[in-house]
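> build me a model from this:
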Amino acid sequence: MAVAQGSCPNCGAPIEFGLGASLAKICEYCRATVVRSDRGLENLGIVADLADTPSLIAVGDEGALSGRPFRVFGRVQLDHGQGPWDEYYVAFDHGRSWGWLAFAEGRWHVTEHVAGPTAPPYASLRLEQDIPLGPHGVFRVTEIKTGRVTSAEGELPGATRPGTERYYADLFGRDNAFGTLDFGDGRSPVEVFLGFVFEETRMQVSALGPRSARKVQTSVIACPNCGGELPRLSGERAERLGCPYCGAVSDIATQRIVSQQEAARAGTDIPMGGKAELGGASYVCIAYVRRRSDFEGERYRWEEYLVWAASVGFRWLVKDPETGWSWVTPVNPAEIDLRGMPDHVRWHNRSFLLRNRNVAEVEYVLGEVYWKCEVGERTRVSDLIEGGEVLSREESPGEVRWSHSAKVPWSVLAQAFGLDPDGPGKPVTPSGSAGGAGCGSSLFYLLVLGLILVFVMMNSYSAFPLGVIVGGASRGGGVYFGGK
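Here you go, the predicted structure:
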């Protein structure tokens, strides 16, 4: 039943609002932003057509998050210069409350408006600043950016004109807590949205809303440069594509070429589409990234393989030419004691000491990646080590991320992916002899890897915010594990 209705002031078509919290609706016929008030319906302007962004949900869908029912009423598309991303306006508990859902950097987030907590001014924020939010706890700033509203559909809780800049900061708290400080256009009071990061398996969705033809046919991705088709390995979860035929790196949503690189490599140690059972999860290898860093006059390269499992999301396998293979997982930045930075940090009652700091640059991309990656992308990286394990901090403009890596022998990975243990993936030690453990120890290391995966899944995080802005779709990726 509609809570309000009328005629579009732009084209005269019928307009209905289904949720009491909604103040605006995009006309289905002329795409005018229609705002309701005591004076009736007002037209704020025409929104552009929606970009066909990767998305697992749509306006009109219904579902449940950990048993809590929700319905998707609207979608906002934002862009901070590298391509659009989506925020979904949802009603919970049959319309008794509302919030936002988003999928960003390979992780799901949900937030709801929280009244009461105060926050510092936008201009005073800095990365990794700790902000107390009253009874909700202390949150750490991980992203400070602006996003321009490019398009929308359905209903929305606010009256935002097309093209408006939104100022926001993303925050993490302990135990998978997530938040966004939404400063609007910079002239309105800050709004606080809090929630959590969650695994995809906690959400069930009934696909009741309309999908575009491209979304219905999700089995392949076509390169906009050469037309070559690639199997879509991660469903509607990837942001950019490195074409194995022509080498172009393109934005999947806008079909825009963002980088050119040499033609496809002869092969990778782990093939794209390769599958493995690791730690009780079924992974598929969806991307390969080569990075480099200059250190004391020498150029150093390493390789990163992005793998995805429906039950846990994205993980990385990194091949370092000096130290071998490592398994990389995200770390909740709010759970790291930074008081000793930059020399050391503490995490899970362990001290990690600074090993090196460098600038890492992307040289080559193949396959599907979940962030706005391009050749030449540069990030500042710090590696801190303890007992053979590494905590890595990656910082790009306005954003910081942490990850943890633990070594895993090639023999274990070869067995899991069904590859030759003496093949090209086998690292070579500086002395020239083959490195890695023998096949006889593979079962032991599989057990160890399984324990590591269980530990990380229990302690890892994932990220999320127009009334809220999820700064998703901006960055992600592996880390630098240079042996120097």
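> could you list the low-pLDDT ranges of the stretch 201-350 of the chain?
For the stretch 201-350 of the chain, the stretches flagged by pLDDT under 70 are 212-218, 263-266.
> ranges for the strands of it?
Using DSSP state E, counting those that start in this stretch, the strands of the stretch 201-350 of the chain run over 203-206, 220-222, 229-231, 240-242, 249-251, 256-259, 275-278, 281-295, 298-309, 313-320, 324-331, 344-347, 350-369.
> out of the ones you listed, which is closest to A416?
When these are compared by CB to CB, strand 275-278 sits nearest A416, at 3.8 Å. All C-beta atoms are positioned from the backbone trio N, CA, C, and that covers glycine.
> what residues sit buried inside that closest one?
Residues A276, L278 are the ones in strand 275-278 that count as buried (16 or more other CB atoms under 10 Å).
> check which helices and strands that strand sits against.
The contact analysis (3 or more CB pairs under 8 Å, 6 or more residues apart in numbering; DSSP states H and E) places strand 275-278 against strand 281-295, helix 410-417, helix 442-459.
> how about 10 Å then?
Secondary-structure packing of strand 275-278 (3 or more CB pairs under 10 Å, 6 or more residues apart in numbering; DSSP states H and E): strand 281-295, strand 298-309, strand 313-320, helix 410-417, helix 442-459.
> let's have the strands of the stretch 201-350 of the chain in a markdown table, adding distance to R126.
Shown next, in a markdown table, are the strands of the stretch 201-350 of the chain (distance: least, CB to CB, whole Å):
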| stretch | distance to R126 |
| --- | --- |
| strand 203-206 | 33 |
| strand 220-222 | 38 |
| strand 229-231 | 40 |
| strand 240-242 | 29 |
| strand 249-251 | 30 |
| strand 256-259 | 29 |
| strand 275-278 | 37 |
| strand 281-295 | 25 |
| strand 298-309 | 29 |
| strand 313-320 | 27 |
| strand 324-331 | 20 |
| strand 344-347 | 17 |
| strand 350-369 | 19 |
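> just name the most buried of those strands.
Highest mean neighbour count among the strands of the stretch 201-350 of the chain (mean count of other CB atoms under 10 Å): strand 240-242, with a mean of 27.
> from S37, how far out is the most centrally placed residue in the chain?
For the chain, the residue nearest the mean C-alpha position is E105 (0.5 Å; CA atoms, centre = their mean). Computed as CB to CB, to the nearest Å, the E105 to S37 distance reads 37 Å.
> same deal with V365?
As for V365, its distance to S37 is 48 Å (criterion: CB to CB).
> got phi/psi on the residue lying closest to P14 once chain neighbours are set aside?
Counting by CB to CB, 6 or more residues apart in numbering, P14 lies nearest to S7, which is 6.3 Å off, once chain neighbours are set aside. As for S7, its main-chain torsions (degrees, to the nearest 10) stand at phi -120, psi 140.
> could you list every residue that touches the closest residue to P224 other than its chain neighbours?
Residue nearest to P224 in three dimensions, not counting chain neighbours: Q255, with 4.1 Å by CB to CB, 6+ apart. The contact partners of Q255, by CB atoms under 10 Å, 6 or more residues apart in numbering, come to A51, D52, R214, A222, C223, P224, N225, L241.
> ok, Q204 to S66 distance?
Taking CB to CB, one finds Q204 at 10 Å from S66.
> thinking again about what came up before, and the residue nearest to the centre of the chain, what pLDDT?
E105 is assigned 77 on the pLDDT scale.
> and if you look at G436?
On pLDDT, G436 comes in at 41.
> from now on call the first residue 54
Noted, 54 is the first residue going forward, which turns the last one into G489.
> circling back: to I68, which of the strands of the stretch 254-403 of the chain lies closest?
I68 lies closest to strand 256-259 among the strands of the stretch 254-403 of the chain, at 25.4 Å (CB to CB).
> partner strands of the closest one, with direction?
strand 115-118 (antiparallel) (DSSP bridges).
> rewinding a little: and the helices and strands packed on strand 328-331 as JSON lines, adding distance to D114?
Shown next, in JSON lines, are these (distance: least, CB to CB, whole Å):
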{"stretch": "strand 334-348", "distance to D114": "25"}
{"stretch": "strand 351-362", "distance to D114": "22"}
{"stretch": "strand 366-373", "distance to D114": "20"}
{"stretch": "helix 463-470", "distance to D114": "35"}
{"stretch": "helix 495-512", "distance to D114": "27"}
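> if we can go back for a sec, only whichever of the contacts of Q308 are buried, select them in PyMOL.
The buried subset of the contacts of Q308, as determined by 16+ other CB under 10 Å, is captured in PyMOL by this line:
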select buried, resi 104+105+275+276+277+278+294
